[in-house]
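**Q** the following comprises the amino acid sequence and a computationally predicted model.
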Amino acid sequence: MLLMAATTATALPKPDEQPTQFARRHEEDNNKNNNTITSSPTTTDSSSTVHDPVQQLIAIAPKSANCNGATFAAECAASSPEVAAAMIESFAKYGVDTAAEQAALISWMVYESGEFKYNRNHFPEPGRPGQGTRAMLMPNFVGEYAKSIPEIKDQVAAAGTDLDKILATVQSDKYSFGSAAWYYGTKCTTEQKQQVINGGQKGWEEAFITGCVETTVDDSRVAYWKAAREQLGVAV
């Protein structure tokens, strides 16, 4: 579960502690459906932050409460126990142990996927073949990620060099929500990770977003990051 300590920053617990769940901002499509955020997502302050993992995800990404208005309904994953569990498992697997790091990855996925509405790139239409997962990884990274998962090695082999078929092997919640932790664990340097943990907003922006993920910072991305930190009990 996504747990919030009353007085200290608390990372997500390991999976056995749980009960039963680069792309661009998809602004064009989200605007059509009134799904963009123009300032800060709806959040609660530290004194009223909820402890339920699903409600915490919804506090970070309000439109993830349901799939209403999703242009690609089959790709939408509303915040649920299963979604939370997929994130938690990936954090444990790839050693994402601190609340600051987990907040960075949750906010990354929320932003890139349009609050979990997208699982592949669609913009500009028809989208870049093979780009996707909730972190909207570029095709080369999707391929690396898929090949790193022993459980799907046969499917990945069968996909050959077809980028969309390779992406299809990691579209389930378990793998799609695990992509951010894989990327962070394999592509970000120790120095970049330390900046995510201890560097505040400047460290997150420069070391993680522009340095490791190699993309840009905007107000929406910052708002999601702040909301995630608040929900995980990390000072903003």
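**A** Received the coordinates, thanks.

**Q** skipping its backbone neighbours, what lies nearest the residue lying farthest from the centre of the chain in space?
**A** Centroid-distance maximum for the chain: Ala158 at 27.4 Å, with C-alpha atoms, centre = their mean. Of all residues not flanking Ala158 in the chain, Lys165 sits nearest, at 7.8 Å (C-beta to C-beta, 6 or more residues apart in numbering). Just so you know, the C-beta spots here come from the backbone N, C-alpha and C atoms, and that holds for glycine as well.

**Q** hmm, that neighbour is touching Ala159, no?
**A** Yes: the pair Lys165 / Ala159 is scored as a contact, 3.7 Å apart, by C-beta atoms under 8 Å.

**Q** pick out whichever of the two has more residues nearby.
**A** With neighbours defined as other C-beta atoms under 10 Å, Lys165 and Ala159 compare such that Ala159 has more, 19 against 16.

**Q** quick check on the more buried one: phi, psi?
**A** phi -70, psi -20 (degrees, to the nearest 10).

**Q** these two touch, right, it and Ala168?
**A** Yes: counting by C-beta under 8 Å, Ala159 touches Ala168, with 7.2 Å between them.

**Q** pLDDT weak spots in the protein?
**A** Applying pLDDT under 70 to the chain picks out residues 1-50.

**Q** in it, which spans are helices?
**A** Under the criterion DSSP state H, helices of the chain are mapped to 27-32, 53-60, 81-93, 99-112, 139-147, 153-159, 163-168, 173-176, 179-187, 190-198, 200-203, 219-231.

**Q** which one of those lies nearest to Ala70?
**A** Of all the helices of the chain, it is helix 27-32 that lies closest to Ala70, at 9.6 Å by C-beta to C-beta.

**Q** for Phe72, see how far away Val196 is.
**A** 30 Å (C-beta to C-beta, to the nearest Å).

**Q** higher neighbour count, the two?
**A** Val196 (25 against 15).

**Q** I figured that one hits Gln102, correct?
**A** No: applying C-beta under 8 Å as the test, Val196 and Gln102 come out as separate, 9.9 Å apart.
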